[in-house]
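>>> Here is the input, now give the coordinates:
(one chain, ligands or ions: 1)
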Amino acid sequence: MTTTQLLITLSVCGVAVILLTLVGALYVHSRLRRREYELACMYAWHTTALHHYLQPKVPLPEAGGWALSPDLLSFLVRHIEAERPRHAVELGSGLSTVVLGRAMKNVGGCLTSIEADTEYLARTRVLLDAEGLDNVTLIHAPITPRDGFRWYDHDAMKELAPIDLLLVDGPPTLTCPLARYPALPFFWSLLREGAAIVMDDADRRSEQQTVARWRKDHPKLSLTHLPLYRSPALLRKPG
Ligand SMILES: C[S@@+](CC[C@H](N)C(=O)[O-])C[C@H]1O[C@@H](n2cnc3c(N)ncnc32)[C@H](O)[C@@H]1O
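As a prediction, this is how the structure comes out:
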């Protein structure tokens with residue numbers, strides 16, 4: 001092969017590589033745009049549906065981000081309307097407290113919401129008062145070291161009624177390794193047979209490891225990965 005032929009071959013290969021890279025980048029970009037569009041549609045649809053359901057008297061905090069995503073909030077409303085739990089407990093208050101509180105009130109049930117942070121506690125209290133959700137008990141349970149974890153103060157959560165639905169959305173994952181693990185050992189004896197346990201953020205490694213450890217502790221716990229944003233996990237205590 002002459003030098004000229006070699007140069008032409010190399011140039012053709014170079015152009016082909018550039019074209020293939022461009023096509024690949026365009027494909028990835030279009031997939032991401034499509035995913036963004038689908039998420040925006042999901043968000044709009046569920047927030048509108050929730051607003052219609054709640055008929056809030058004051059502006060509510062945004063769904064998503066630190067709050068539960070709107071598709072999980074809708075799922076929980078449907079779950080409560082279908083199963084009519086008597087007592088629900090949530091770890092980590094905020095928008096979810098208003099949504100779960102309203103749904104529980106509609107079915108004649110009550111909600112206990114556990115909050116560690118005084119600022120968020122005060123914000124949630126304002127929302128509950130404005131919405132007239134007198135079926136919600138908001139408990140301040142500061143994060144306290146215990147058994148190698150940092151979790152809600154046990155003494156603040158005494159004498160709770162049996163639980164039909166447990167939503168685990170706190171403490172924040174950076175609190176300590178497997179920050180949400182203590183929820184099941186603490187609440188296990190209070191959970192009724194067949195009780196539902198919802199773990200948000202189960203697309204994260206820490207929450208996946210926590211769920212795996214719960215199932216190792218209790219092999220008969222059933223597990224469903226909900227096809228929702230952030231892949232929340234739904235577990236059931238055997239009945
Ligand atoms: C995941 S959040 C709980 C959110 C709640 N379940 C909701 O749907 O609104 C867990 C804890 O993080 C704290 N928190 C809430 N919003 C926060 C924010 N924007 N920045 C930092 N911490 C926040 C609160 O103490 C809350 O209990």
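
>>> quick one: what helix or strand has Ile114 in it?
strand 110-115 (DSSP states H and E).

>>> How far away from the center of its chain is that strand?
16 Å (Cα atoms, centre = their mean, to the nearest Å).

>>> Determine whether any part of it lies close to the ligand.
Yes: judged by Cβ under 6 Å from any ligand atom, strand 110-115 comes into contact with the ligand through Glu115. Quick note: C-beta positions are derived from backbone N, CA and C, even for glycine.

>>> Output the contacting helices and strands for that strand.
strand 87-91, helix 95-106, helix 118-131, strand 136-140 (3 or more Cβ pairs under 8 Å, 6 or more residues apart in numbering; DSSP states H and E).

>>> can I get the CA coordinates of it in PDB?
The C-alpha trace of strand 110-115 is given here as PDB (Å, rounded to 0.1, in the frame of the first residue of the first chain):
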ATOM      1  CA  CYS A 110     -55.100   7.800  61.700                       C
ATOM      2  CA  LEU A 111     -51.400   8.600  60.800                       C
ATOM      3  CA  THR A 112     -48.400   8.900  63.100                       C
ATOM      4  CA  SER A 113     -45.600  10.900  61.500                       C
ATOM      5  CA  ILE A 114     -42.100  10.800  63.000                       C
ATOM      6  CA  GLU A 115     -39.900  13.800  62.400                       C
END
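
>>> what angle do it and helix 95-106 make?
Inter-element angle recorded for strand 110-115 and helix 95-106: 170 degrees (by axes from the mean of the first three to the mean of the last three Cα atoms, to 10 degrees).

>>> Just the strands from the protein, written as ranges.
87-91, 110-115, 136-140, 143-146, 149-152, 163-168, 191-199, 222-225, 233-236 (DSSP state E).

>>> And for the fifth one, what's in contact with it?
For strand 149-152, the surrounding residues in contact (Cβ atoms under 8 Å, 6 or more residues apart in numbering) are 91, 114, 116, 141-144, 170-171, 175-176, 178-179, 181-183, 186.

>>> so who does Phe75 touch?
Leu226, Leu228, Pro232.

>>> top of those residues by neighbour count?
For the contacts of Phe75, the largest number of neighbours (other Cβ atoms under 10 Å) sits with Pro232, at 26 neighbours.

>>> I'd guessed that residue sits against Val198; true?
Yes: between Pro232 and Val198 there is a contact under Cβ atoms under 8 Å: 5.9 Å.

>>> which residues do the two both contact?
Going by Cβ under 8 Å, 6+ apart, residues that sit against Pro232 and also against Val198 are Leu72.

>>> count of neighbours near Gly65?
10.

>>> Enumerate the residues of the protein near the ligand.
66-68, 92-96, 115-117, 120, 169-170, 172.
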